[in-house]
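Undergrad: here is a sequence together with a model predicted from it:
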Amino acid sequence: MCLRDFLTLKQRVDHYLYDHPDEPPPRESLDLIMICIAILDGARAVGFDVGDLEGELEKALNEVERRTG
């Protein structure tokens, strides 16, 4: 896994959230967020500064939680 994979998965989450704003995000969006968290944890462990990416992911997670109740 690499940061390019993170960006691909994050785009998919954003698609669910922002291209279909009237629909609740599918369960897959939480799975994708969990994979993204793992990628960022690994990147941080090897020395990458991923704070800005974590902030973006946290916003997406908050939106998923808000829309799924």
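TA: Now that the structure is in, tell me what you want to look at.
Undergrad: how about the helices in the chain?
TA: Under the criterion DSSP state H, the chain contains helices at 3-14, 27-45, 51-68.
Undergrad: of all those helices, which one comes closest to Pro21?
TA: Proximity to Pro21, assessed across these by CB to CB, is greatest for helix 51-68 (8.6 Å). From N, CA and C alone the C-beta is placed, and that goes for glycine too.
Undergrad: how big is the angle separating the closest one from helix 3-14?
TA: 30 degrees (axes from the mean of the first three to the mean of the last three CA atoms, to 10 degrees).
Undergrad: what residues sit buried inside helix 51-68?
TA: Buried positions in helix 51-68, judged by neighbour count with 16 or more other CB atoms under 10 Å: Leu53, Glu54, Glu56, Leu57, Ala60, Leu61, Glu63, Val64.
Undergrad: now those in CSV, with distance to Ile35?
TA: Formatted as CSV, the buried residues of helix 51-68 follow (distance: CB to CB, whole Å):
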residue, distance to Ile35
Leu53, 13
Glu54, 14
Glu56, 15
Leu57, 11
Ala60, 13
Leu61, 12
Glu63, 17
Val64, 14
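Undergrad: nearest to Cys36 among these?
TA: So of those, ranked by how close each gets to Cys36 (CB to CB), first place is Leu57, at 5.4 Å.
Undergrad: rewinding a little: need the helices of the chain in a markdown table with distance to His20 and mean pLDDT, can you?
TA: What follows is the helices of the chain, written out as a markdown table (distance: least, CB to CB, whole Å; pLDDT from 0 to 100):
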| stretch | distance to His20 | mean pLDDT |
| --- | --- | --- |
| helix 3-14 | 11 | 97 |
| helix 27-45 | 10 | 96 |
| helix 51-68 | 10 | 95 |
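Undergrad: can you lay out these as TSV showing distance to Pro21?
TA: Listed next are the helices of the chain as TSV, based on distance: least, CB to CB, whole Å:
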stretch	distance to Pro21
helix 3-14	11
helix 27-45	13
helix 51-68	9
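Undergrad: could you report the pLDDT at Met1?
TA: Turning to Met1, the model gives it a pLDDT of 80.
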